[in-house]
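Q: Model the following, please.
(2 chains)
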Amino acid sequence: AQSVTQPDIHITVSEGASLELRCNYSYGATPYLFWYVQSPGQGLQLLLKYFSGDTLVQGIKGFEAEFKRSQSSFNLRKPSVHWSDAAEYFCAVGAFGGAQKLVFGQGTRLTINP
Amino acid sequence: SQTIHQWPATLVQPVGSPLSLECTVEGTSNPNLYWYRQAAGRGLQLLFYSVGIGQISSEVPQNLSASRPQDRQFILSSKKLLLSDSGFYLCAGAGQGVSEAFFGQGTRLTVV
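A: Numbering: from 1, shown residues only, chains lettered A, B, ... in the order given. The predicted structure is shown next:
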């Protein structure tokens, strides 16, 4: 069974600063990896995804993530955060083609200081 | 485009009452469907997933059940709600095979 760990429950950064949100996964086969963002009281919006190919993937809103198989990681980055980036971020791993499960990490709440 | 319709947006129910949350999908056929619960300050807990009509997999033993009577309809139910069933419930869908999931706007359930 797959699992996801997001070690940071809450991160605070200043507006304009760089951001990195950590994600580690556990899965025995090729992982399909996702980052989602959730604004308060809303559903989830897909930021980016990794299925195969280039390990550095670009997403919406200026986000990118890098898949590192040797470290079982899929960290999310943004070079300069904006106040509107304040939200909850979720990493997920999908076991498609078999069990069809999509499992999420516990989430990281991002606060932006002006 | 793929869309998940989920209702109601908010619901307040007394302890011991039944529950039925409905989710319907547009824009794709034979999707994988999921029910998640998000408790306050916690992540997303996968409750049920379905790969087809009548096929339900339960992830966590609990007071809830799910059904998929039609290809694009996914229902979360309970016969008797508990206080611990309070939370934010999200329905999600994904195309067969390799595909990202798309989410509904969620239902905020408060059991009183």
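Q: can you tell me which residues contact residue 55?
A: With no chain named, the answer covers chain A. Residues near A:Thr55 by CB atoms under 8 Å, 6 or more residues apart in numbering or on different chains: A:Glu66, A:Phe67, A:Lys68, A:Arg69. For every residue, glycine as well, the C-beta is placed using N, CA and C.
Q: meant chain B, my bad for not saying
A: By CB under 8 Å, 6+ apart, the contact list for B:Gln55 reads B:Arg68.
Q: so what's it bridging to?
A: B:Gln55 forms beta bridges with B:Gly52, as assigned by DSSP bridges.
Q: Next, the contact list for A:Ile60, please.
A: A:Ile60 makes contact with A:Leu46, A:Leu47, A:Leu48, according to CB under 8 Å, 6+ apart.
Q: Neighbour-wise, give me the winner out of those residues.
A: A:Leu47 (23 neighbours; other CB atoms under 10 Å in any protein chain shown).
Q: what about it, helix or strand, and which?
A: Counting by DSSP states H and E, the element that carries A:Leu47 is strand A:44-50.
Q: ok now that strand, how far from the chain's centre?
A: Average the C-alpha atoms of strand A:44-50, do the same for its chain, and the two points are 8 Å apart (CA atoms, centre = their mean, to the nearest Å).
Q: about what we covered before: among the contacts of A:Thr55, which are located in strands?
A: A:Glu66, A:Phe67, A:Lys68 (DSSP state E).
Q: Can you tell me the centre-most residue of chain B?
A: B:Trp35 (3.1 Å; CA atoms, centre = their mean).
Q: Tell me where the model's unsure across chain B.
A: B:40-41, B:61, B:97-98 (pLDDT under 70).
Q: residues from it in reach of chain A?
A: Counting by CB under 8 Å from any CB of the partner chain, the residues of chain B close to chain A are B:4, B:6, B:32, B:34, B:36, B:42-44, B:46, B:49, B:51, B:57, B:59, B:88, B:90, B:92, B:94, B:97-106, B:108.
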